[in-house]
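1. Fold the following.
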Amino acid sequence: MLINEDFLNRLRQSFSLNLYEVKLWAAILSRGISTAGELSDIADVPRSRTYDVLESLERKGFVVVKPEKPIKYMALPPTEVLDRVQKKIEGELKTHSGKVEKIRNSEMIKELMNLYEHGIEPMQVTDFSGALKGRHNIYDQLSMLIKNSKKSIELVTSEDGILRKIRTLKPLLEKAMMRGVKIRIIIPRGEIDDLSSETGLLEVKNDPSVYARFMIVDGTQIVFMLADDKKIHPSYDMGFWINSDFFCGALSKMFNQSWNAENITSGEKPNSDIEE
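-> As a prediction, the model looks like this:
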C-alpha cells in the first residue's frame, strides 16, 4: 500500500492516532473488509502489534469487528468516523467539565486556596514572577490579570497584536470595563473600533514612535514580551510576568509620558457600545 507520508502525518495529527493506527486504518479503508493478517501485510505493521492496534481502533470507533472465523475487520465511512470522534470528544469534555465544576465548589478548593494564600513560608518578592513560553501561555496570563483587574489596564501592543487581543481577550476586557476598570491602549497605527466604548473607560491612541509589547494592570503587575511579534513564531514567543509596584511604576511613568506626548493621536470611536 503506497500512501503519501505527508498524508499519513496529517491523519495522525487530525485524528490523534499513532503511526501503527493510522497505517492500519488506511489499509482497512482501502480494502473495506479484511483479516488482521492481511492488514498487517498491507500496512507493514508487525503481526505481534496488529491485533492490539486494531482493538484500539475499534474502541475509538474507527472499525467494526465481524465475529467470523477468522475474525475480520470492516471499515466505516470516514464521515461516520468523524461523527463518532466528535461525539466521543464532546462526551469526554462534558465529563471533565463536570468534574472541574464539582471540584470548584468543594471544600478541597477552599483548602487549596487557604494553603496558597497562607503558606507556611512567606513568599519573597522574587516569587511573584515567571517566564512565559509560547503565545498561548502568555495569553493565559494576560487573561488572568484582566479577570482580576480592579482599577486600570495600560496596554502597548502592535497592529497585529491588538487584532489578536480583540479576538482572544475581548470578552474579558468588556467585563473589566463594566467593573469600572480604566483601559488605555497605545498602538503604532490603525483603529480598533471593535474595542471602542461610549463609557469613556477605554481610550486608544496611536503613536508610531512606540513599538513595544507589554500590559500593566493596576500599577502592580506587568507582562512584557521580549521579541517583535512579526519576527517570531507564536510557539517561540517569550514573555515575563512580574508582580512589582516598583518596576510597574517606572514602566507606567514611561507609558504616561508617551500617552501625553503631542505627536500622539486619539483612535476613533464609534457611536455604539462594544459590538461583536
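
2. count of neighbours near residue 221?
-> Here the number of neighbours of residue 221 (other CB atoms under 10 Å) works out to 22. In short, each C-beta sits where N, CA and C put it, glycine included.

3. Find me the pLDDT at the nearest residue to it once chain neighbours are set aside, would you?
-> If the residues on either side of it in the chain are set aside, residue 221 comes closest to residue 243, at 4.9 Å by CB to CB, 6 or more residues apart in numbering. We have a pLDDT of 90 for residue 243.

4. try residue 225
-> So residue 225 comes in at 94 (pLDDT).

5. cool, residue 112 as well?
-> 84.

6. In what element of secondary structure is it found?
-> Element membership for residue 112 (DSSP states H and E) is helix 107-117.

7. Mind pulling up the pLDDT for residue 124?
-> 55.

8. all strands of the chain, in order?
-> When assigned using DSSP state E, the strands of the chain occupy the ranges 33-35, 63-66, 72-75, 129-133, 152-156, 182-187, 202-206, 214-217, 221-225, 238-243, 265-266.

9. Make TSV out of these and add distance to residue 253.
-> Formatted as TSV, the strands of the chain follow (distance: least, CB to CB, whole Å):
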stretch	distance to residue 253
strand 33-35	72
strand 63-66	65
strand 72-75	67
strand 129-133	20
strand 152-156	11
strand 182-187	14
strand 202-206	17
strand 214-217	10
strand 221-225	13
strand 238-243	16
strand 265-266	21
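
10. Next one: residue 61 from residue 55, what distance?
-> 12 Å (CB to CB, to the nearest Å).

11. now do residue 15
-> 17 Å.

12. And for residue 85?
-> Taking CB to CB, one finds residue 85 at 17 Å from residue 55.

13. try residue 251
-> 58 Å.

14. again, but for residue 259
-> 63 Å.

15. what do you get for residue 217?
-> Taken as CB to CB, the span from residue 217 to residue 55 is 51 Å.

16. neighbour-wise, which of the two wins?
-> Neighbours per residue (other CB under 10 Å) separate residue 217 from residue 55, with residue 217 holding more: 24 against 14.

17. Report the contact partners of that one.
-> 145-146, 148-149, 152-154 (CB atoms under 8 Å, 6 or more residues apart in numbering).

18. ok, now residue 75?
-> Contacts of residue 75 (CB under 8 Å, 6+ apart): 28-29, 31-33, 63.

19. switch the cut-off to 6 Å
-> Contact partners of residue 75, counting by CB atoms under 6 Å, 6 or more residues apart in numbering, are 28-29, 32.

20. so which of those residues is the most crowded?
-> Greatest neighbour count in these, by other CB under 10 Å, goes to residue 28: 26 neighbours.

21. Could you check the pLDDT of that one?
-> 90.

22. where does this protein have low pLDDT?
-> Applying pLDDT under 70 to the chain flags residues 1-3, 119-128, 190-200, 262-276.

23. and it, what are its domains?
-> 5-78, 128-266 (automatic domain parsing).

24. Pull the distance from the first one to the chain's centre.
-> Translated: domain 5-78. 32 Å (CA atoms, centre = their mean, to the nearest Å).

25. Could you tell me the end-to-end distance of it?
-> With CA to CA, to the nearest Å as the measure, the ends of domain 5-78 fall 19 Å from one another.

26. burial measure for residue 102, as a count.
-> Neighbour tally, residue 102, other CB under 10 Å: 11.

27. contacting residues for residue 182?
-> 152, 201.

28. Can you tell me how far it is from residue 48?
-> Residue 182 is 66 Å from residue 48, by CB to CB.

29. what do you get for residue 72?
-> In terms of CB to CB, residue 72 sits 19 Å off from residue 48.

30. Contacts only, for the residue lying farthest from the centre of the chain.
-> Largest separation from the mean C-alpha position in the chain: residue 69, at 48.4 Å (CA atoms, centre = their mean). For residue 69, the contact set (CB under 6 Å, 6+ apart) is empty.
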